[in-house]
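Asker: Fold the following.
(chains A, B, C and D)
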4 protein chains.
Amino acid sequence: MSDSGYLHSVEFKVRDYECDLQGVVNNANYQHYLEHARHEFLISKGISFAQLHEDGLDLIVVKVEIEYKYPLKSRDRFLVTVDVKKEGNIRIAFYQGIFRLPDMKLVVRAKVTGAATKNGRPVFPAEIINKLGLD
Amino acid sequence: MSDSGYLHSVEFKVRDYECDLQGVVNNANYQHYLEHARHEFLISKGISFAQLHEDGLDLIVVKVEIEYKYPLKSRDRFLVTVDVKKEGNIRIAFYQGIFRLPDMKLVVRAKVTGAATKNGRPVFPAEIINKLGLD
Amino acid sequence: MSDSGYLHSVEFKVRDYECDLQGVVNNANYQHYLEHARHEFLISKGISFAQLHEDGLDLIVVKVEIEYKYPLKSRDRFLVTVDVKKEGNIRIAFYQGIFRLPDMKLVVRAKVTGAATKNGRPVFPAEIINKLGLD
Amino acid sequence: MSDSGYLHSVEFKVRDYECDLQGVVNNANYQHYLEHARHEFLISKGISFAQLHEDGLDLIVVKVEIEYKYPLKSRDRFLVTVDVKKEGNIRIAFYQGIFRLPDMKLVVRAKVTGAATKNGRPVFPAEIINKLGLD
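Answerer: Below is the predicted model of the structure:
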């Protein structure tokens, strides 16, 4: 873990089309940001989401819990962080945060629980667990 | 509550652009479906989301918890259900489900917690609570 | 062609998350509507977009021309129409319109030009042309 | 105009959720990319899209023409360019390109025609024309 207290982070900037009638980022779009940061994190660990899918292995999300603390507005810059832990025997929990830049105001706190499936059935993702250093 | 066990439901059909690389509906899009069904429900109760915003009152989502049980594919028809309860003094909890049609297979189970703000500050949404019959 | 003057139409209703800061449907979303109506039309002719892809044949869009005549707002109902013509030897032109309901006010007029590719190379989509009755 | 031959450019990276069933970026998303680059360009010229809207002036898109030359895939980096010309007396034409990085392969060529409206009526956007150096 880095000194900053999280394993990985990706910087974004709000695009106007991500905002809705209320003038703030639409709730579902935060899930897009979280997903993109997780995928970037996995790639940084040598895990290709697209490659896994071609191999018949899908890393799927089984649960998301998102707390909305403060809204992002048009053109805000922000950081999406990723931490990861093994949960039970076959699940992987991603602890994520979204922070507005440059003041690091907390925007969203999320826990995203993932599992691996092969041909639709749950499997133990040994290679992923290993690459993430969770074994 | 209706005999079916939920207050309100909206029928949808998966559009191809809502599916991603894995050939199933992208996770964030379920949140769009849930949102649209909630807004339809509120409208059915005489609560206009857009009107509220013009009056300075925003009904915001403070938390979502979504369990992904089974994926929807291209062109699947599905039902999004809405139930609602008061939570504590100022929060409203929406209990929602997504069910594939016609077999009613459970796709997503969600709890979405809402609160009202006026000029960015939390307020007791008396009128909304009243219209929802929660007082 | 039907009496109404177009081959196929699909009815939609604007969802709040499709609207942006300006309080109207975001421009890119009209392209989603047009795409969904085209796919529904193709399905109605026995042409499965997803099935074609699995067979290695992709029906791709090579050009879109969209004229924005009038904006849709939250909860507007509207109709998306589809007409189709062969263009040159290997292209298919979809002439589409979006009309607000119930007053049939013209919202968008579009021409979408499609072509077929197999393993990335252009091919003559004989089967598609045939199913569309364009040969 | 810069030596590179265009006025402004913004670099992007494809996010997985922007790809669809066919494994490439969904057509409508290119329109999002084009829009974001235009807005960044306008901001760089001191024109705030959101600010304009609050002043009652909307810069709207009246027409888009997009040629799809080559598809972007997951994680591709790309550049979106913006050039601008006055068209007739009250329209502004944005000439845009999308180029894959680092090989600068042409992905999309687009012309987006904008006009200004105040309270829904077309107006001559003198201030915008001036800031863009088109007068």
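Asker: Which elements pack onto the lengthiest strand in chain A?
Answerer: For chain A, the longest strand by residue count, based on DSSP state E, is strand A:105-118. Packing partners of strand A:105-118 (3 or more C-beta pairs under 8 Å, 6 or more residues apart in numbering or on different chains; DSSP states H and E): helix A:27-44, strand A:57-68, strand A:91-101, strand A:121-123. Heads up, the C-betas are built off the backbone N, CA and C, glycines and all.
Asker: what's the angle between the first one and strand A:57-68?
Answerer: In other words, helix A:27-44. In terms of direction (axes from the mean of the first three to the mean of the last three C-alpha atoms, to 10 degrees), helix A:27-44 departs from strand A:57-68 by 130 degrees.
Asker: And helix A:27-44, what does it pack against?
Answerer: Counting by 3+ C-beta pairs under 8 Å, 6+ apart, helix A:27-44 packs on strand A:8-13, helix A:49-54, strand A:57-68, strand A:77-87, strand A:91-101, strand A:105-118, helix B:27-44.
Asker: how about a cut-off of 6 Å?
Answerer: strand A:8-13, strand A:77-87, helix B:27-44 (3 or more C-beta pairs under 6 Å, 6 or more residues apart in numbering or on different chains; DSSP states H and E).
Asker: how close does the residue sitting furthest away from the middle of chain A get to C:Asn26?
Answerer: When distances are taken from the C-alpha mean of chain A, A:Leu21 lies farthest, 25.6 Å away, according to C-alpha atoms, centre = their mean. Going from A:Leu21 to C:Asn26 by C-beta to C-beta, to the nearest Å gives 11 Å.
Asker: Could you do A:Leu57 as well?
Answerer: Separation of A:Leu57 from C:Asn26 (C-beta to C-beta): 35 Å.
Asker: residues contacting the residue farthest from the centre of chain A?
Answerer: C:Cys19, C:Gly23 (C-beta atoms under 6 Å, 6 or more residues apart in numbering or on different chains).
Asker: mind redoing it with 8 Å?
Answerer: Residues counted as contacts of A:Leu21 (C-beta atoms under 8 Å, 6 or more residues apart in numbering or on different chains) are B:Phe49, B:Ala50, B:His53, C:Asp16, C:Cys19, C:Asp20, C:Leu21, C:Gly23, C:Ser74.
Asker: what helix or strand is it on?
Answerer: Using DSSP states H and E, A:Leu21 falls within no helix or strand.
Asker: who's the closest residue in space to A:Asn27 that isn't next to it in sequence bridged to?
Answerer: Excluding the flanking residues, the one nearest A:Asn27 by C-beta to C-beta, 6 or more residues apart in numbering or on different chains is B:Val61, at 5.3 Å. According to DSSP bridges, the partner residues bridging B:Val61 are B:Gly114.
Asker: Check B:Val61 and give its pLDDT.
Answerer: B:Val61 carries a pLDDT value of 95.
Asker: can you pull the contacts of it?
Answerer: B:Val61 touches A:Asn27, A:Tyr68, B:Val112, B:Thr113, B:Gly114, counting by C-beta under 8 Å, 6+ apart.
Asker: Any idea how many residues pack against the third one?
Answerer: So that's B:Val112. 23 (other C-beta atoms under 10 Å in any protein chain shown).
Asker: do you know how far it is from A:Ser74?
Answerer: Using C-beta to C-beta, we find B:Val112 at a distance of 24 Å from A:Ser74.
Asker: likewise the first one?
Answerer: In this structure, A:Asn27 and A:Ser74 are 16 Å apart, going by C-beta to C-beta.
Asker: returning to what we had before: where does the residue farthest from the centre of chain A fall, phi/psi-wise?
Answerer: With angles defined as degrees, to the nearest 10, A:Leu21 sits at phi -50, psi -30.
Asker: same deal with A:Asp76?
Answerer: phi -60, psi 140.
Asker: Just to check, it is in contact with A:Lys13?
Answerer: Yes - here A:Asp76 reaches A:Lys13: they are 7.2 Å apart, a contact under C-beta atoms under 8 Å.
Asker: so where's chain A shaky on pLDDT?
Answerer: Applying pLDDT under 70 to chain A flags the ranges A:1-4.
Asker: tell me which parts of chain A are close to chain D?
Answerer: Taking C-beta under 8 Å from any C-beta of the partner chain, the part of chain A that reaches chain D is made up of A:15-17, A:23, A:32, A:35-36, A:39, A:43, A:49-50, A:74-75.
Asker: Taking those residues, tell me the two that lie furthest apart.
Answerer: Taking C-beta to C-beta, the two most distant members of those are A:Gly23 and A:Ala50; they sit 34.7 Å apart.
Asker: ok so, going back, give the intersection of the neighbour lists for A:Leu21 and C:Asn26.
Answerer: Joint contacts of A:Leu21 and C:Asn26 (C-beta under 8 Å, 6+ apart) are C:Cys19, C:Asp20.
Asker: Look up how far chain B lies from A:Leu59.
Answerer: A:Leu59 is 9 Å from chain B, where distance means C-beta to the nearest C-beta, to the nearest Å.
Asker: Do I have it right that that residue meets A:Ala116?
Answerer: Yes - with contacts counted by C-beta under 8 Å, A:Leu59 reaches A:Ala116, the gap being 5.4 Å.
Asker: Residues that sit against both of the two, list them.
Answerer: Residues touching both A:Leu59 and A:Ala116 (C-beta under 8 Å, 6+ apart) are A:Pro125, A:Ile128.
Asker: and the residue nearest to A:Gly97 when sequence neighbours are not counted, bridged to which residues?
Answerer: Counting by C-beta to C-beta, 6+ apart, A:Thr81 is the residue found nearest to A:Gly97 once chain neighbours are left out, at 4.6 Å. Assessed by DSSP bridges, A:Thr81 has beta-bridge partners A:Ser9, A:Gly97.
Asker: need the contact list for A:Thr81.
Answerer: A:Thr81 touches A:Tyr6, A:Leu7, A:His8, A:Ser9, A:Ala37, A:Gln96, A:Gly97, A:Ile98, A:Phe99, counting by C-beta under 8 Å, 6+ apart.
Asker: can we see that at 10 Å?
Answerer: Residues counted as contacts of A:Thr81 (C-beta atoms under 10 Å, 6 or more residues apart in numbering or on different chains) are A:2, A:4-10, A:34, A:37, A:41, A:94-99, A:109-110.
Asker: again with A:Arg100
Answerer: A:Arg100 makes contacts with A:Val14, A:Tyr70, A:Pro71, A:Leu72, A:Lys73, A:Asp76, A:Arg77, A:Phe78, A:Leu79, A:Leu106, A:Val107, as judged by C-beta under 10 Å, 6+ apart.
Asker: Can you tell me how far the residue nearest to A:Gly97 is from chain D?
Answerer: From A:Thr81 to chain D the distance is 17 Å (C-beta to the nearest C-beta).
Asker: cool, and A:Arg77?
Answerer: According to C-beta to the nearest C-beta, A:Arg77 stands 13 Å off from chain D.
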